[in-house]
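# quick one: sequence and predicted model below, then my questions.
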Amino acid sequence: MADAYVALADGRVFEARARAPGRTRGELVFTTAYTGYEESLTDPSYEEQVLTFSYPLIGNYGVRDERFESDRVHPNAAVARELTDDVAEWLEAEGVPAVDHLDTRDLVTSVREEGAMACGIAAGPDATPEAAKEELAECVGMSDHLDIGKQVSTDEPYTVQGGGDYDVALVDCGMKGSIATSLAERGADVHVLPYDVDADTVADLEPDVLFISNGPGDPANFESATGLVEEFAGEVPLAGICLGQQIVARAFGGDTEKMAFGHRGVNQPVRDLETGQVVMTTQNHGYSVADPGDLEVTQVNVNDDTAEGLKSDEFSVVTRQYHPEANPGPHDSLGFFDEVLDLAGNGSRTPVTAD
Ligand SMILES: NC(=O)CC[C@H](N)C(=O)O
C-alpha cells in the first residue's frame, strides 16, 4: 500500500513508497547520472529542487562523506525507482524526504515533454494525496527564489590553502567543494567569499583571478556577484563555472534564459569550436546563456547547441557551463583549471595533467 504521494503541476498524483518521511515541495528535475549520487545530493545547485534519478537503482556503492560536495543534502527531496537502504537512511538522518517504487520513466518523460515543473511530496505513515497537493500549491518558481544565494553561500570567508602560487578570489554562490580543491591542487590559495562580498574585500586580497562558482536558482537574481564581475572586468582575470558562466555573461552585456528541462547527467557531449574535439561532461543546470554579450562562444552542447564555454582574450575571461571538477567524473575537462591559472600566470606555469 502506498505511504507516499508525489503531486505534479500537470494535475497527476503518483503513489510511491516512503523511504524517508516528511512533506516538501520544489521544482521537479531529473538527472540521467548512474553514479555520483552522493555528489549530486550534496550539490548546492539543487537547492529548492526535487531530484529524480532516471537510473533505476541508486545507492549501490554505499554512502561515504568523503564524496560529499558540501556539508548537507540540498535537494528538498529525492525520487528514484529504487533507493538502497544506505541512501534512504542517510536522507532520513538529514531530514530530507525520499520516495521510491514509482514509475520514474513516466515522471521523467513528463518532465522532458512538459519541462521542469512544480511538485509536492508527502511521505510517511500519515501521508495523503491531499497533503502532497497542499505542498504543490505552496511551491514557488525557481526564478522567484530571489535571495537563494543566502541559503547556500558561506557566511564567513575562509581559505583553502594550495601552496600560494596564486591567489584565487572565489565567490561562493553555492560552491561545490571540488572546485576549490581542483584549484588548490594546482598550487592556488583559494579565498572562498560570501555570495554578496563587496568589491573592497575582493580588492584587498589582490587576487590573480576572480572566480564565480556554480549555484542554484536564476542567475538574474545574483546582482551582487554580477556587479563584482563588472567592477573587476579588465582589472583581474575572470573565470566561472555553471551559474558562474551565466553571471559572467550577464555582466558582459549578455543574457540568460530558462531551459525547458535543462541538462543534468554525466554524459553530456560538448564540442570545442576551435579544435572540433568532443568531450563528455557532467552537467546540472536549468538556465543557459542565450546571448554571450561581449564574450566569444568557444564550446557548444552537441545535443542543442547551447553555449558551454565562453572567453574573452581582451578581458582575460574563461568560463564553462558544465562541471570540469565533477566527481566521480568524467575528468576529460579538468584542464580548464590549468587554463584558469594560466590567465593568472600569463601562461608561465606548467599545466597539471588530468589524471
Ligand atoms: N550548477 C549550476 O551552477 C546551476 C546554475 C543555475 N542555477 C541553473 O540552473 O542553470
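The structure has been received and is ready for your questions.
# up against the ligand, what does the protein have?
Proximity of the chain to the ligand, by CB under 6 Å from any ligand atom, involves residues 45, 214-217, 242-243, 284-287. (C-beta placed from N, C-alpha, C; glycine too.)
# most neighbours, which of those?
Highest neighbour count within the residues of the chain next to the ligand: residue 215, with 31 neighbours (other CB atoms under 10 Å).
# look up phi and psi at the spatially most central residue of the chain.
Geometric centre of the chain, nearest residue: residue 45, 3.6 Å, by CA atoms, centre = their mean. Per-residue torsions, residue 45: phi -60, psi -20 (degrees, to the nearest 10).
# next one: the one 5 residues further on
Phi and psi for residue 50, reported as degrees, to the nearest 10, are phi -110, psi 120.
# now it: closest residue in space, sequence neighbours ignored.
Nearest residue to residue 50 in three dimensions, chain neighbours excluded: residue 26, at 4.2 Å (CB to CB, 6 or more residues apart in numbering).
# what's the first helix or strand after the host helix or strand of the one you found?
Using DSSP states H and E, residue 26 sits in strand 22-31. Next in sequence after strand 22-31, counting helices and strands by DSSP H and E, comes helix 37-41.
# now the strand ranked longest in the chain and strand 22-31, what's the angle there?
In the chain, taking DSSP state E as the definition, the longest strand is strand 255-272. With axes from the mean of the first three to the mean of the last three CA atoms, to 10 degrees applied, the angle from strand 255-272 to strand 22-31 works out at 50 degrees.
# give the pairing partners of strand 255-272; include direction for each.
Note on strand 255-272: by DSSP bridges, its sheet partners are strand 278-291 (antiparallel), strand 296-301 (antiparallel).
# return the most buried member of those.
Comparing those by mean neighbour count (mean count of other CB atoms under 10 Å), strand 278-291 comes out on top with a mean of 21.
# follow-up on the earlier one: TSV for the residues of the chain next to the ligand, including pLDDT and distance to residue 249?
Shown next, in TSV, are the residues of the chain next to the ligand (pLDDT from 0 to 100; distance: CB to CB, whole Å):
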residue	pLDDT	distance to residue 249
45	98	17
214	98	14
215	98	14
216	98	18
217	98	16
242	98	12
243	98	11
284	98	18
285	98	13
286	98	16
287	98	10
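# quick one, domains of the protein?
Domain ranges of the chain: 4-140, 148-345, per automatic domain parsing.
# pretty sure residue 94 contacts residue 73?
Yes - contact criterion CB atoms under 8 Å: residue 94 and residue 73 qualify, at 4.6 Å.
# between the two, tell me which one has more neighbours.
Each of residue 94 and residue 73 has its neighbours counted (other CB under 10 Å); residue 73 has more, 24 against 15.
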